[in-house]
Every structure is written in structure tokens, then in C-alpha cells.
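Engineer: What follows is a predicted protein model with its sequence.
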There are 2 protein chains.
Amino acid sequence: MAEPIVQRVALVGAGLIGSSIARAAREYGAAREIAILDASDAVMARVREIGIADEASGDPAKALAGADLVIICTPVGVCETVAQSIAPFLETGAILSDVGSVKSAVVAQVAPHVPEGVHFIPAHPIAGTEFSGPDAGFATLFQNRWCLLTPPEDADAAAVETLGAFWTRIGAKVEAMSADHHDKVLALTSHLPHLIAYNIVGTAEDFGEQTRSEVIKFSASGFRDFTRIAASDPTMWRDIFLNNREAVLEMLGRFNEDLSALQRMIRRGDGQGLFDFFARTRAIRRSIVEQGQDTAAPDFGRRDKSA
Amino acid sequence: MAEPIVQRVALVGAGLIGSSIARAAREYGAAREIAILDASDAVMARVREIGIADEASGDPAKALAGADLVIICTPVGVCETVAQSIAPFLETGAILSDVGSVKSAVVAQVAPHVPEGVHFIPAHPIAGTEFSGPDAGFATLFQNRWCLLTPPEDADAAAVETLGAFWTRIGAKVEAMSADHHDKVLALTSHLPHLIAYNIVGTAEDFGEQTRSEVIKFSASGFRDFTRIAASDPTMWRDIFLNNREAVLEMLGRFNEDLSALQRMIRRGDGQGLFDFFARTRAIRRSIVEQGQDTAAPDFGRRDKSA
């Protein structure tokens, strides 16, 4: 196997992402040693049971000692507190990173606590499932997924390169952009779709018991895919919306304008307008398939076909 | 193999659904003979090439002769014209059905043209993919999917039973309800989700070229699933929205109310409100998994895991 990228990676938080990085770092030899630190005793106990770290300690002094790469893998909402509490234990020359789905807010909250000589390079692996916790992780989670780095303008080039190499080793495709730009793109590709999915499932929830049970029964065409998205971790998503408020509200404004236009077409019976709108969106789908972000295989009846 | 349910099924329209019924009827022996009639010469030529029918004729007199089950498989928008043109060739005692995603409008448009002695029993198989045309169909499309029958109150019980048996034979689970009720449930489980998916993809489309290409590139978490839904056939969906206008507008009104509430929570930074909302929607997802409408396997990174 190739040389490890870093000597010791310390993961702060052992949820879906942290535990997946631990498994992947071992599987693909990205770090010589893997340390995990989590605020929850139950999580730490489970981490020891499943043996995904070389060191699993609730003591930051122990977990972070000798770590040349430290990745904060907690919900965005607690990253400031976490940064404060681990700052005294970060070693000079170490890289500090994170996995948060928003970047500007994380930078604002974490950067002030980063000691001199520590390289803070925020990152966001666009990968996940709707499950949470240390048992939900798996080594191949990042395979062929994007990991976006948002290094500050004066970032140490070698540190950026090392972090990129780490993510590449565990399977990700790496790209760099500014934190602001990241937040706008993700507001549209991820945050708004999740908000909409949560909302439509919520709308169904408000119906009486009989309708609700029919909605569940006949969920196959469309609704089912929304419920999958809307089953994601509530804490994580609360923090995303609180911390990417402006970009999300801007995208939501555009979404609402477009939806009003569609609503008007339906009310007026404007068949040509509806057809044109629906035909246009097919092109975007084709591009996604062509760029390998998904396959063209029919999907709606997916599992039942092999059943 | 068990006895066929009907002697001859005639399918009017050989798109995804019609061609799938043809393949399934042969595969599972649901009809002794399969006839296909389509208004497009190109489609008829293709149907002959791929050999999915015993008789493929553009002449309704030929295609419908001896058919004890006739299923209109065209977009909802043309079903009145189709009903008019095939009415003279329907045999006494035959069952006439359809596969439209809306039912009240179809009944209003088709019923007046149904000759005395023909049993009109509308139906809606909740199955499909985002692909269209005779090549897109496959025999297992209806396996384990619901097919909802909306027989009129004075429907012939034997005819309803035969139609149900036909759908059961080709793999579907059958349930009966009123056309009005069907349209309300489907507005929420299918029509509204599609409208929203079309809309969010349209919002992305309105951005400039650079943002659009990034949206496509980073579509993995959430957006990708919407584009799949939004790639469905534009004609079919135009017709659905024109023909289920009232139920869709009602659901859209509820959806908008809920979305305004979420928007307000984000603007005000109401973390508790967001968390409660997001936690609540998890329960619906669980019910869908428990009722076998989907599996609990993590899905977001689905194909890449095996790549």
C-alpha cells in the first residue's frame, strides 16, 4: 500500500461522517494512526466496541496528541464550542479541518479560535445517507463523491495539498472554491431540496389518519423519494438552515417566484406553458447523467424489479 | 401456466405503460392474444419490430376485433378523442379501461362515449419510470405496485373482478376507491411532488452557465433525486396538471402555507421550531419503510458504493 498521507488523523465527533472517515482512513491507508474524540460517553463506548480507531479517548489531550490532521465532524451548530475546547491541544503545524455543509458560518465561528501555526482549511465532503451515528458509517462513503475545500486566501499551499491528498486517498474528488461561493451553490443543490422535502412530508403529516395512511401506502411515485431526503438528521439540518440563512432565503425566494408562475399556469389551464417548463427541465437531468453523477437506469420501481 | 384472464387485450397507445402491459400480459399469460393500436406510424413500426404484440395494426377495426379488454394507454389529454374514435369498434360485453394518473377528468371525458353494454372501469397503475416510448417498457414494471380501480357506483361486479384479476396476474396489488378520492390522494403523493421537482430544477435552470454547471456537478445530495423525478414525460405531466387542477391547487395551497412557516423559522433563527419540524417528518419515512414501499438501505451514495 502507498505511504499514509498523514501520521495521525484525529476525528472530533464519531457520527456518520466521522466514523466513515475513520473506516476509510484505515481501509485505504490514509493515516498511520486514527484517533477519535466524541463528547458522548455512549458514542465513545460504541467506537471502542466496533474498533474503528487506534485511540478512542474522551480526553482531548490524549486524542489530539501528535495529530497532524484534526477534522471536526460534529454538527455545524457546535463547531465553535468544539474549536474552543480543542484549540489548546492542537500542535503547531497541524492541519485543522471540518466537514460542515456550510462554510462561511463555520469559518466565522472556528477561525478566531485557531492557534498561530495551525492551518485551518475548511472542507465539505458531499456524501451522506439518511442515517446517523457511529454504526451508520462505512469505508466507501466518499468513493467518487466530491469533497469541496474552501481554503482562505492566505492558506498554506502545502497544507491544502495534504488535505486534498487525504480526501483523494479515501476516494473523493477534490475541488477548491471560496466559502461564499460554496454556500450559494450548496443552498441550491442541497439545502433548498432538503427544505422542500421536509416541507412536503410535513404537509402530508398534517392530514388526518386515514389520508396519512393512504399517502404512505401509495407513496411510490414521487413522494417516497422526498421522504427519504426528509429522514435526514434533524440536528444537522437545523444547523445548516440557521447557518446558511441568507443563501437559503435567497434561493427560496427564487423558488417561490417560479412556483407562483407554475401555479398560475395550472389555474389558467396554460398547457403550452406547462409543457415548455417540463420539457426544459429534462435537459438538466440529461447533463447530470452524462457527467456520471447518476445513471440512466430507470429508478422509480427500482427495488421491486428484482424482488 | 394458469388460464388467461381475458381472451384478447387491446392496448390503445404503446408508450411506457402500454408496451409494459403488452410484455407483462405475454410474460404472465394474462391474455390469450395481445393487440396494439397506436396513432403514430413510427411507434407501430417499432412495435412490430420488437414483436411485443400478436396484432399491431393502425386500424381500430382490426385491433379491437374480439377484444374483451381494451385499455387506453395514451396521455390523459387525448383520452376523449381516443374514446370517440374507438367507440364504434368496442364489442358488447367488453371491458374498457385506462391507465391515466387522474380519474375524475378521465371519467368525464370518456364515459359519454362508451357504448351501451361496454363496461367502463377506470384504473391507474402507480408505476413508471422517467423514460417514455415502446422501448422503455418492461414486463416487471407492475410487480408489487398498486393498481387503483375507480369503478362507478353502478359498475358490473364481474367486470371489476376481471379487470382486477388481470392486474393481479401481471403483478400489481389492486385496490378500489372513488375517482374523487383517488385524485386527492394522488395530488399529494404524486402530482405535487412532481410539480415541486420540476420547479426546483427550473430554478437551477435560470442561473447563468457557470452556476448551472456547478449545480450539475455537485448534484449529489438532494438535487439529483429531484432531477430524476423532473425528467418524466412533459406531455403526460401537462395533462395531469390540467386535469387534476383543483386537487393540485388545494395541495399546493397547503404546501405553500407550510413553506411560509419554515421560511419564517429560518429568517427568525428559530432552531427549536426547525428541529421539531424535521424530527416529525422522520416518522412518516419510518412508516413507509415498515409498509414495504421502500427499503431502509442507505441510498444517497447508492450506485457509487458498488462502483
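Structural biologist: Happy to help now that I have it.
Engineer: can you pull out the strands in chain A?
Structural biologist: All strands of chain A, identified by DSSP state E, fall at A:6-12, A:31-37, A:55-56, A:69-72, A:95-98, A:119-120, A:123-125, A:146-149, A:173-176.
Engineer: Those: which one's closest to chain B?
Structural biologist: Taking Cβ to the nearest Cβ, strand A:146-149 is the member of those nearest to chain B, at 5.7 Å. Bear in mind the C-beta positions are built from the backbone N, C-alpha and C, glycine included.
Engineer: Give me the packing partners of that closest one, helices and strands only.
Structural biologist: The helices and strands touching strand A:146-149, judged by 3 or more Cβ pairs under 8 Å, 6 or more residues apart in numbering or on different chains; DSSP states H and E, are strand A:123-125, helix A:157-169, strand A:173-176.
Engineer: residues in contact with that strand?
Structural biologist: With Cβ atoms under 8 Å, 6 or more residues apart in numbering or on different chains as the test, strand A:146-149 has contacts from A:121-127, A:160, A:163-164, A:167, A:172-177, A:182, B:217-218, B:220.
Engineer: so what are the domain limits for chain A?
Structural biologist: Domain assignment for chain A by automatic domain parsing gives A:6-177, A:181-294.
Engineer: how far out from the middle of the chain is the first one?
Structural biologist: Translated: domain A:6-177. 12 Å (Cα atoms, centre = their mean, to the nearest Å).
Engineer: Surely A:Phe89 touches A:Gly66?
Structural biologist: No - judged on Cβ atoms under 8 Å, A:Phe89 makes no contact with A:Gly66 at a distance of 10.5 Å.
Engineer: Those two: who's more crowded?
Structural biologist: A count of neighbours by other Cβ atoms under 10 Å in any protein chain shown puts A:Phe89 above the other of A:Phe89 and A:Gly66, at 19 against 15.
Engineer: Please name the spatially closest residue to that one (chain neighbours excluded).
Structural biologist: When the adjacent residues along the chain are set aside, A:Phe89 lies closest to A:Leu64, with 4.1 Å between them (Cβ to Cβ, 6 or more residues apart in numbering or on different chains).
Engineer: Also A:Ser20?
Structural biologist: Distance criterion Cβ to Cβ, 6+ apart; nearest residue to A:Ser20, sequence neighbours excluded, is A:Gly137 at 3.7 Å.
Engineer: That neighbour and A:His124: what is the separation?
Structural biologist: Using Cβ to Cβ, to the nearest Å, A:Gly137 is found at 17 Å from A:His124.
Engineer: since we're on A:Glu33, how many residues are nearby?
Structural biologist: A:Glu33: 18 neighbours (other Cβ under 10 Å).
Engineer: got a pLDDT number for it?
Structural biologist: Predicted confidence (pLDDT) for A:Glu33: 98.
Engineer: ok, now which ones touch A:Ser178?
Structural biologist: A:Ser178 sits next to A:Thr150 when contact means Cβ under 8 Å, 6+ apart.
Engineer: now it: how far from A:Lys184?
Structural biologist: 10 Å.
Engineer: coming back round to it: may I ask you to confirm that the residue nearest to A:Ser20 is in contact with A:Gly18?
Structural biologist: Yes - counting by Cβ under 8 Å, A:Gly137 does reach A:Gly18; the two are 7.4 Å apart.
Engineer: Show me what from the stretch 1-150 of chain A comes close to chain B.
Structural biologist: Within the stretch 1-150 of chain A, the positions near chain B by Cβ under 8 Å from any Cβ of the partner chain are A:77, A:126-131, A:136, A:138, A:140-141, A:143-146, A:148.
Engineer: Tell me the one of the residues you listed nearest chain B?
Structural biologist: A:Thr129 (3.1 Å).
Engineer: Give me the number of neighbouring residues for A:Arg254.
Structural biologist: 17.
Engineer: do you know how far it is from B:Arg267?
Structural biologist: A:Arg254 is 16 Å from B:Arg267, by Cβ to Cβ.
Engineer: repeat for A:Asp270
Structural biologist: 32 Å.
Engineer: Pull the contacting residues for A:Phe89.
Structural biologist: So A:Phe89 contacts A:Pro60, A:Ala61, A:Ala63, A:Leu64, A:Ala65 (Cβ under 8 Å, 6+ apart).
Engineer: Which of these sits closest to chain B?
Structural biologist: Checking the contacts of A:Phe89 one by one against chain B (Cβ to the nearest Cβ), the nearest turns out to be A:Pro60, at 26.1 Å.
Engineer: List the contacts of the closest one.
Structural biologist: Taking Cβ under 8 Å, 6+ apart, we find A:Pro60 in contact with A:Leu37, A:Ser85, A:Ile86, A:Pro88, A:Phe89.
Engineer: ok, and the closest non-adjacent residue to A:Gly117?
Structural biologist: Using Cβ to Cβ, 6+ apart and skipping the chain neighbours, the partner closest in space to A:Gly117 is A:Thr92 (3.9 Å).
Engineer: whoops, A:Gly171 was the one
Structural biologist: A:Gln143 (3.9 Å).
Engineer: So what's the residue count around the one you found?
Structural biologist: Using other Cβ under 10 Å, A:Gln143 is surrounded by 19 other residues.
Engineer: What about A:Gln272, how many residues nearby?
Structural biologist: Count around A:Gln272 with other Cβ under 10 Å applied: 9.
Engineer: How much space separates it from chain B?
Structural biologist: Per Cβ to the nearest Cβ, to the nearest Å, A:Gln272 is found 8 Å from chain B.
Engineer: Mind pulling the model confidence for that residue?
Structural biologist: In this model, A:Gln272 carries a pLDDT of 97.
Engineer: need the contact list for A:Asn243.
Structural biologist: Per Cβ under 8 Å, 6+ apart, neighbours of A:Asn243: A:Val76, A:Gly77, A:Gly100, A:Val102, A:Ala105, A:Val106.
Engineer: Let's see that with 7 Å instead.
Structural biologist: Contacts for A:Asn243 were tallied using Cβ atoms under 7 Å, 6 or more residues apart in numbering or on different chains; they are A:Val76, A:Val102, A:Ala105.
Engineer: Hmm, which of those residues is lowest in pLDDT?
Structural biologist: Minimum pLDDT across the contacts of A:Asn243 is recorded for A:Val76, with 90.
Engineer: ok, for that one, nearest residue in space, not its chain neighbours?
Structural biologist: A:Val76's closest residue in space is A:Asp239 (Cβ to Cβ, 6+ apart), at 4.0 Å.
Engineer: Can you name the residues that contact the one you found?
Structural biologist: Applying Cβ under 7 Å, 6+ apart to A:Asp239 gives the contacts A:Pro75, A:Val76, A:Gly77.
Engineer: Among the residues you listed, which one has the most neighbours?
Structural biologist: Most surrounded of the contacts of A:Asp239: other Cβ under 10 Å gives A:Val76, at 26 neighbours.
Engineer: wait, isn't that one in contact with A:Asp98?
Structural biologist: No - between A:Val76 and A:Asp98 there is no contact under Cβ atoms under 7 Å: 8.3 Å.
Engineer: Name the residues contacting each of those two.
Structural biologist: A:Val106.
Engineer: Is the longest helix seen in chain A positioned near chain B?
Structural biologist: Taking DSSP state H as the criterion, chain A has its longest helix at helix A:245-268. Yes - between helix A:245-268 and chain B, judged by Cβ under 7 Å from any Cβ of the partner chain, the touching residues are A:Arg245, A:Val248, A:Leu249, A:Leu252, A:Arg254, A:Phe255, A:Asp258, A:Leu259, A:Leu262, A:Gln263, A:Ile266, A:Arg267.
Engineer: got a winner among the residues you listed for most neighbours?
Structural biologist: When neighbours are taken as other Cβ under 10 Å, the top entry among the residues of helix A:245-268 next to chain B is A:Val248 (26 neighbours).
Engineer: Do you know the pLDDT at it?
Structural biologist: 95.
Engineer: Also A:Ser219?
Structural biologist: 74.
Engineer: can you check A:Ala157 too?
Structural biologist: At A:Ala157, the pLDDT value in this model is 97.
Engineer: What of the one 5 residues further on?
Structural biologist: For A:Thr162, the pLDDT comes out at 98.
Engineer: which residues touch it?
Structural biologist: A:Thr162 neighbours (Cβ under 7 Å, 6+ apart): A:Ile5, A:Val6, A:Ile95.
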